[in-house]
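Visitor: when you get a sec, could you give me coordinates for this:
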Amino acid sequence: MLARLKLKSPLHSVLAVGLALIAIFSAFVVLPLDLLVPSICISILLIWASLIDIEHHILPNVLTYALIGMGAAWVSVFRFENLHHHLIGLVAGYAILRIVDVVHVKRTGQHGMGMGDAKLLGAAGMWLGWVAIPTTLLVGAVSGLLFVGFKSLREGRVRRDIRIAFGPHIALGFWWVWLCGPFGQMSL
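Guide: The predicted model follows:
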């Protein structure tokens with residue numbers, strides 16, 4: 001299990017540090033100062049989980065559960081009056097992707113995504129509340145589609161069997177909403 005928490009590529013390790021610095025700087029510029037510490041925690045875990053997903057096509061439970069647990073602790077202390085919205089977000093985020101996978105299995109006989117993706121979207125719901133789930137998923141889906149489109153262009157043909165790590169795209173949606181808020185409620 002610990003082997004899956006290590007990044008194989010030294011380039012990914014350098015990329016992780018660079019992305020973390022960019023994420024922390026963006027949080028420092030955009031968010032109130034009291035959100036800097038949770039922003040650092042979220043960004044490091046999202047980047048780490050994303051790069052592991054790219055390398056191994058798995059989102060380790062220890063990272064997704066850490067995000068969920070830290071989100072639950074933070075919300076319980078700093079957003080307690082809205083705890084129910086965040087718990088609904090946790091359940092809804094997980095359930096949406098779990099249902100998508102169940103339907104995919106029924107139609108094709110094979111899994112289309114891992115449950116790490118569902119746990120990551122649940123973690124986003126825990127931190128951000130249920131209202132953020134549609135924006136998080138939309139940003140992630142558009143990002144994933146653009147990635148597949150660029151990959152298809154580079155290969156010179158469109159394939160239906162392209163396998164991608166969806167975790168980084170969910171992480172991007174999570175980070176987007178953490179910084180800017182859900183569409184319709186953005187504070188830009």
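
Visitor: helices of the chain, start to end?
Guide: Under the criterion DSSP state H, helices of the chain are mapped to 10-30, 36-56, 61-78, 83-108, 115-128, 133-155, 167-180.

Visitor: let's have those helices in JSON lines, adding mean neighbour count.
Guide: Where you see a C-beta, it was placed from the backbone N, CA and C, and this is true even at glycine. Shown next, in JSON lines, are those (neighbours: other Cβ atoms under 10 Å):
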{"stretch": "helix 10-30", "mean neighbour count": "14"}
{"stretch": "helix 36-56", "mean neighbour count": "20"}
{"stretch": "helix 61-78", "mean neighbour count": "17"}
{"stretch": "helix 83-108", "mean neighbour count": "16"}
{"stretch": "helix 115-128", "mean neighbour count": "27"}
{"stretch": "helix 133-155", "mean neighbour count": "16"}
{"stretch": "helix 167-180", "mean neighbour count": "24"}
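
Visitor: mind putting those helices into TSV with mean pLDDT and distance to residue 161?
Guide: Formatted as TSV, the helices of the chain follow (pLDDT from 0 to 100; distance: least, Cβ to Cβ, whole Å):
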stretch	mean pLDDT	distance to residue 161
helix 10-30	89	25
helix 36-56	94	18
helix 61-78	96	26
helix 83-108	95	11
helix 115-128	97	18
helix 133-155	92	11
helix 167-180	96	18
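
Visitor: just the buried positions in stretch 178-188, please.
Guide: Buried residues in stretch 178-188, counted by 16 or more other Cβ atoms under 10 Å: 178, 179, 180, 181, 182.

Visitor: between the residues you listed, which is closest to residue 28?
Guide: Among the buried residues of stretch 178-188, residue 179 lies closest to residue 28 (Cβ to Cβ), at 10.8 Å.

Visitor: please pick out the residue of the chain most distant from its centre.
Guide: Distance from the centre of the chain peaks at residue 156, with 29.1 Å (Cα atoms, centre = their mean).

Visitor: can you tell me what sits against stretch 51-61?
Guide: Surrounding stretch 51-61, the residues in contact under the criterion Cβ atoms under 8 Å, 6 or more residues apart in numbering are 1, 4-5, 7-9, 12, 15-16, 49, 63, 114, 116-117, 119-120, 163, 165-168.

Visitor: per-residue pLDDT, residue 187?
Guide: We have a pLDDT of 50 for residue 187.

Visitor: go on, residue 183?
Guide: According to the predicted model, the pLDDT of residue 183 comes to 85.

Visitor: and the residue lying closest to it once chain neighbours are set aside, how close does it get to residue 119?
Guide: Residue nearest to residue 183 in three dimensions, not counting chain neighbours: residue 135, with 4.8 Å by Cβ to Cβ, 6 or more residues apart in numbering. With the distance defined as Cβ to Cβ, to the nearest Å, residue 135 ends up 19 Å from residue 119.

Visitor: alright, that wraps it up for me.
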